[in-house]
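# I need the structure of the sequence given here:
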Amino acid sequence: MTQNPPPAKAAASGRMPRQIPYIIANEGCERFSFYGMRNILTPFLISTLLLFLPESERTGEAKHVFHTFVIGVYFFPLLGGWLADRFFGKYRTVLWLSLVYCAGHACLAVFEDNVKGFYLGLFLIALGSGGIKPLVSSFVGDQFDHTNKDKAKLVFDAFYWIINFGSFFASLLMPIFLRDYGPAVAFGIPGILMFVATLVFWSGRDKYVHVPPAPADPHSFTRVARTALLARTAAAGAGAGRPGLAVAGVGAAGAVAALAMSFSWGFVIAACTALVLLLAFGGIGVAMQLERARGVHPDEAVDGVRGVLRILIVFALVTPFWSLFDQKASTWIVQANAMLRPTLSLFGTEFRFEPAQMQALNPLLVMLLIPVNNLFVFPALRKLGWEPTALRRMAAGIVLSSLSWVAIGTIQVVMDGGAAVSMAWQILPYALLTMGEVLVSATGLEFAYSQAPRSMKGVIMAFWSLAVTVGSLWVLIVNASVKNDAVLGHIENTGLGVMAFQMYFFAAFAFLAALAFGWYATRYRMTDNYRDEAAA
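You can find the predicted model right below:
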């Protein structure tokens, strides 16, 4: 697909590309549709769809379904990135998967009382939403080059701001529609917004810069990695050992063993664990023998693979943050269900907050914090001689997420002691978690695009999304472990309830990850992989 002259001309003048509003508007509608259904999913499952289960099992099953859905949403970016980078380009892949997305919403509205039909809808939404997730943000980056890349950060911030604009109103309104009008309406409205999002994105088709999919590359990431693993020596010859291949083999064996545990672990946990083992051990093996690929592949390709491996380490260290963040729509709602619900009188009408509406705090705070950080906090830090680089911001964000779980865990301890606690006390942990999100997630979008080699931008953004999948995997593993009698006995000896213990565990998990992230950040060398010119 060829480039369109109008956007290129605009980019060359250093102005904001005129096609950006179409992408931003599309993202706002799509995020309303996604968060509108996601934020009412857990309460709907507990109160309606899972009534066939014993009451004691509904909460655990609802959390399992929710995090399995999240795993799907953030796993399918691998498929979307691969299709876009190799075959169809970002625009066509986003458009076609958006139609799949719309079909998923339709299933939720139609099959509100049918488990199989409803789960089919969740699968289609996971496929559509996940497939387009890495592409829309990287498609934004494609609209910029070196002449106007300084405006890219503003757009990425605006991009993240509009995500939270849609999320705020979805979080505020959808629980009311679910309560007052039922699931057909509550799930149907997000479907309408997704159709509008698709229509808006299609309307800008003649204005976008279309970077074509990369042709088959004999020096691609996978081919360089395979050469490195299979090569016996760096130079021509034989007889040297292949320790990297042995390490990769350990990962492959571990993946097979994980899949064999599907019957006891469940397929989702087993499959995700297998993927993590393959990526982790395979990446280590490639890094150990990467220099052996020189000569077979150009230095640029080999250095590109090394750069990707370094990026993946950053992504891996962010996964504990996502294990904390996504539980605000599951574990935190479950906690809120057992709290006192505050009321507000407006124009003589008493309004009672629903537990799921507490999530509206998150996007509201994001919309406030992004401009405050850019206009006041970051300039003030620079005046003090401390540059808030992307990696420094992300490390601070992981620490703040840890503190939020210390706060939510302390609230749970008070509740376990028999005290009646208002949902308003969740404001503090929401504020801390949101400050962490702004520093990790919004920054991560910018970091992932700028660091990714040109031929792998879609896939790198997919790996950024895969970090969320791994985060939910940790949640499923921890939730499954507390069903073990030995683990429950250990928790009982601490004097804490199960939920409070898990909350403090996740807080410690994130804090250790922040320490490791901060150490690695001091050794990471930043690169600049924006396009050299508008028509590139």
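
# could you list the low-pLDDT ranges of the chain?
Within the chain, the stretches with pLDDT under 70 are 1-14, 149, 153, 233-240, 346-348, 455-459, 461-462, 529-536.

# next secondary structure after the lengthiest helix in it?
With residue count as the measure and DSSP state H as the assignment, the chain has helix 152-181 as its longest helix. Later in the chain than helix 152-181, the nearest helix or strand by DSSP states H and E is helix 183-203.

# thinking again about what came up before, now do the longest helix of the chain and helix 183-203, the angle between them.
150 degrees (axes from the mean of the first three to the mean of the last three CA atoms, to 10 degrees).

# and helix 152-181, how far from the chain's centre?
16 Å (CA atoms, centre = their mean, to the nearest Å).

# I'd like to know which elements that helix is packed against.
In terms of contacts (3 or more CB pairs under 8 Å, 6 or more residues apart in numbering; DSSP states H and E), helix 152-181 is packed against helix 20-38, helix 41-44, helix 115-142, helix 183-203, helix 361-372, helix 443-451. In short, each C-beta sits where N, CA and C put it, glycine included.

# same thing but at 7 Å, please
Helices and strands touching helix 152-181, by 3 or more CB pairs under 7 Å, 6 or more residues apart in numbering; DSSP states H and E, are helix 20-38, helix 115-142, helix 183-203, helix 361-372, helix 443-451.

# nearest to residue 430, of the ones you listed?
Closest to residue 430 of these, according to CB to CB: helix 361-372, at 4.4 Å.

# that closest one vs helix 20-38, what angle?
Angle of helix 361-372 versus helix 20-38, following the same axes, to 10 degrees, is 150 degrees.

# mind listing what's buried in the next helix or strand after helix 361-372?
Per DSSP H and E, the first helix or strand lying C-terminal to helix 361-372 is helix 378-383. For helix 378-383, burial by neighbour count (16 or more other CB atoms under 10 Å) applies to no residue.

# can I get helix 378-383 in CSV, CA atoms only?
The C-alpha trace of helix 378-383 is given here as CSV (Å, rounded to 0.1, in the frame of the first residue of the first chain):
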residue,chain,number,x,y,z
PHE,A,378,8.0,17.0,35.3
PRO,A,379,9.1,20.6,34.6
ALA,A,380,9.7,21.0,38.4
LEU,A,381,11.7,17.9,38.6
ARG,A,382,13.9,19.0,35.6
LYS,A,383,14.5,22.4,37.4
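
# in the helix or strand following that helix, what's buried?
Scanning forward in sequence from helix 378-383 by DSSP H and E, the next helix or strand is helix 390-416. Of the residues in helix 390-416, those buried under the neighbour-count criterion (16+ other CB under 10 Å) are 390-413, 415.

# how far does helix 390-416 sit from its chain's centre?
Using CA atoms, centre = their mean, the offset of helix 390-416 from its chain centre is 18 Å.

# ok, stretch 432-440 next?
Distance, centroid of stretch 432-440 to centroid of chain: 13 Å (CA atoms, centre = their mean).

# stretch 104-119 too?
Taking mean C-alpha positions (CA atoms, centre = their mean), stretch 104-119 and its chain are 24 Å apart.

# quick one: contacts of it?
Outside stretch 104-119, the residues that touch it by CB atoms under 7 Å, 6 or more residues apart in numbering are 33, 37, 49, 120-121, 124-125, 128, 183-184, 187-188, 190-191, 194.

# between those, which sits nearest residue 173?
residue 190 (10.2 Å).

# tell me how far the closest one lies from residue 174.
7 Å (CB to CB, to the nearest Å).

# how about residue 147?
From residue 147 across to residue 174, the span is 42 Å (CB to CB).
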